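Student: no sequence on this one, just coordinates:
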């Protein structure tokens, strides 16, 4: 049976509406609708409160509708939305089957699949130690997590590590089919990850300086496709030189993934003359290494004196990016200019210089305290502080610019866009680091450290997979457009993904009791939560369902 609203028109042009209760019947093979009764005029039912009383009375005989009408009081409230969405992606990528097959034929009684998924989910939503993960699971609604013990999380790291190559290769094939990955261009970069304690012997060491000079470190290398999807990762002892890590990763990639091209993209912070020399060194039996390197503008003599001073017209690539190519001897450079940043740099410098002039004039030489950033603008001459006008003028050379050096034959636009994609790796490394800064009692063996980094890698794969699905949604628009630029558009798109995750996190499972039964009530979908379910190909769970 169902309710139908019938609208009738009066002679004076006004209308009146009636609520009818109808039922459908099959007569001679055809569906017929019959009037059961007329409930009355809608306006009268609403004004008198009769309609509400009828609905309440009927709802008492329907358990689900009755539960929906009760106040949500008592019982627990747990994370629900992200569990459903990321579990669906987990299964679509086939990770559950890989881990289940890995466990088949072993004496392991706990579920490796559920243990690894729990750690990956925690990395995505609330990163912390394994002990914190186990405590956090109590706030998550997934009945399969109830049997997981803390020891299972630690023990699952060993079989996960043993299947690292298998999982990475299977994911590469799967994602190539799903997303048509851009595997012609591969981004690779490294970072040092530190430990607050001694760390695992033979893997972590104190051989390198850095932000944590007294801590031990490991070197992590991450490989992304040209359009931003994680392909593989590598873990090296902290004393490993960057060039050694590059070569080892390239050899591994070509053997396992049959990649046609590997281009190293590195930021200026890790670029040195020795690194460039090693990259250009041709070793028999090893492939030529292509690179795109960010150069130091002020410290590199060739860049400062030759490249930036070379005349030439820029050509516009986008609203905030202009390029020109400069050849110095056998070296190819791409000079990139952001016109908006150029204006900001000039105005910032002019403001600083004007403020400094006033400070020197009012306070005098003896009372003036020179900030470190002003040393290139000011000199002490004859006992008096003076501005170096020549240095100020030369500083304008650097406004809004960044310079790349490459040995590739890629067009200048692709070189610039590939380098801009490096921000994804830098963000990824920040997430990887956050999980390793824990007491060594939790990660005291090399296998556990490597297994934990594998968990971080899988979390990145899951995030990238959701972003790809959101990308295809017309409301979000393209996120990876053959490369990344740090425009406001990309920043807003990144915020949109984070907003989607936050909206999902507000989808909770609430336990209530009604009619002597336990029920699970889902909170309403808000913001972009519904999109997350839609793009992963699933319906949101019912508002009310019985708890077994």
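Tutor: Arrived safely. The shown structure was predicted, so the numbers you read here are calculated from the model rather than taken from an experiment.
Student: hang on, residue 335 in a helix?
Tutor: No: counting by DSSP: H, G, I helix; E, B strand; the rest coil, residue 335 is not part of a helix but strand.
Student: residues near it, how many?
Tutor: Neighbours of residue 335 under the rule other Cβ atoms under 10 Å: 23. Placement of C-beta: from N, CA and C, glycine included.
Student: shouldn't it be in contact with residue 401?
Tutor: Yes: with contact defined as Cβ atoms under 8 Å, residue 335 reaches residue 401; the gap is 6.3 Å.
Student: got any residues that touch both of those two?
Tutor: The contact sets of residue 335 and residue 401 overlap at residue 308 (Cβ atoms under 8 Å, 6 or more residues apart in numbering).
Student: Residue 316 - nearest residue in space that isn't next to it in sequence?
Tutor: Nearest residue to residue 316 in three dimensions, chain neighbours excluded: residue 322, at 5.2 Å (Cβ to Cβ, 6 or more residues apart in numbering).
Student: hang on, I meant residue 163
Tutor: According to Cβ to Cβ, 6+ apart, the nearest residue to residue 163 is residue 102 (5.2 Å).
Student: For the helix or strand harbouring the one you found, which residues meet the burial criterion?
Tutor: Element membership for residue 102 (DSSP states H and E) is helix 95-103. Of the residues in helix 95-103, those buried by neighbour count under the rule 16 or more other Cβ atoms under 10 Å are 95, 96, 98, 99, 102, 103.
Student: Among those, which one sits closest to residue 457?
Tutor: For these, the residue nearest residue 457 by Cβ to Cβ is residue 95; the value is 11.5 Å.
Student: For that closest one, give me its contacts.
Tutor: 113, 116, 117, 167, 171, 458.
Student: now these as JSON lines including neighbour count, distance to residue 345 and pLDDT?
Tutor: Formatted as JSON lines, those follow (neighbours: other Cβ atoms under 10 Å; distance: Cβ to Cβ, whole Å; pLDDT from 0 to 100):
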{"residue": "113", "neighbour count": "21", "distance to residue 345": "52", "pLDDT": "97"}
{"residue": "116", "neighbour count": "28", "distance to residue 345": "47", "pLDDT": "97"}
{"residue": "117", "neighbour count": "27", "distance to residue 345": "47", "pLDDT": "98"}
{"residue": "167", "neighbour count": "22", "distance to residue 345": "45", "pLDDT": "95"}
{"residue": "171", "neighbour count": "22", "distance to residue 345": "42", "pLDDT": "91"}
{"residue": "458", "neighbour count": "24", "distance to residue 345": "41", "pLDDT": "94"}
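Student: Could you pick out which of these are located in strands?
Tutor: Judged by DSSP state E, the subset of the contacts of residue 95 located in strands is empty.
Student: Could you tell me which of these belong to helices?
Tutor: 113, 116, 117, 167, 171, 458 (DSSP state H).
Student: for the residues you listed, which one is nearest residue 267?
Tutor: residue 458 (25.3 Å).
Student: which residues sit in contact with the closest one?
Tutor: Residue 458 makes contacts with 95, 116, 120, 167, as judged by Cβ under 8 Å, 6+ apart.
Student: Not counting its neighbours along the chain, what's nearest the last one?
Tutor: In space, and not counting its chain neighbours, residue 167 is closest to residue 98: 5.7 Å by Cβ to Cβ, 6+ apart.
Student: Any figure for the gap between that neighbour and residue 263?
Tutor: Residue 98 sits 29 Å away from residue 263, going by Cβ to Cβ, to the nearest Å.
Student: same question, residue 44
Tutor: In this structure, residue 44 and residue 263 are 75 Å apart, going by Cβ to Cβ.
Student: same deal with residue 454?
Tutor: Residue 454 is 25 Å from residue 263, where distance means Cβ to Cβ.
Student: Surely residue 521 and residue 543 touch.
Tutor: Yes: using Cβ under 8 Å, residue 521 is in contact with residue 543, at 6.6 Å.
Student: Looking at those two, which has the bigger crowd around it?
Tutor: Using other Cβ under 10 Å, the more surrounded residue of residue 521 and residue 543 is residue 521, with 21 against 15.
Student: Where do the strands of the stretch 301-450 of the chain begin and end?
Tutor: In the stretch 301-450 of the chain, the segments counted as strands under DSSP state E, counting those that start in this stretch are 315-318, 321-328, 331-337, 378-381, 384-387, 401-406.
Student: Domain boundaries for the protein, per the record?
Tutor: When the chain is parsed with automatic domain parsing, its domains come out as 2-61, 77-162+460-505, 164-293+411-440, 340-398.
Student: and the ones you listed as JSON lines, adding distance to residue 308?
Tutor: Below are the domains of the chain laid out as JSON lines (distance: least, Cβ to Cβ, whole Å):
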{"stretch": "domain 2-61", "distance to residue 308": "74"}
{"stretch": "domain 77-162+460-505", "distance to residue 308": "21"}
{"stretch": "domain 164-293+411-440", "distance to residue 308": "14"}
{"stretch": "domain 340-398", "distance to residue 308": "5"}
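Student: and the gap between the residue nearest to residue 166 when sequence neighbours are not counted and residue 316?
Tutor: Of all residues not flanking residue 166 in the chain, residue 98 sits nearest, at 6.9 Å (Cβ to Cβ, 6+ apart). Distance, residue 98 to residue 316, by Cβ to Cβ: 47 Å.
Student: quick one: average pLDDT of stretch 388-403?
Tutor: Mean per-residue pLDDT for stretch 388-403: 83.
Student: related to what we said a few turns ago, need the contact list for the residue nearest to residue 163.
Tutor: 112, 159, 162, 163.
Student: Return the distance of stretch 162-176 from the chain's centre.
Tutor: Relative to the centre of its chain, stretch 162-176 is centred 19 Å away, using Cα atoms, centre = their mean, to the nearest Å.
Student: ignore the last one, stretch 501-517
Tutor: Relative to its chain's centre, stretch 501-517 lies at 27 Å (Cα atoms, centre = their mean).
Student: Kindly report the same for stretch 111-118.
Tutor: Taking Cα atoms, centre = their mean, the mean C-alpha location of stretch 111-118 is offset from the chain mean by 21 Å.
Student: quick one: contacts for the residue nearest to residue 316?
Tutor: Contacts of residue 322 (Cβ under 8 Å, 6+ apart): 314, 315, 316, 336, 337, 338, 339.
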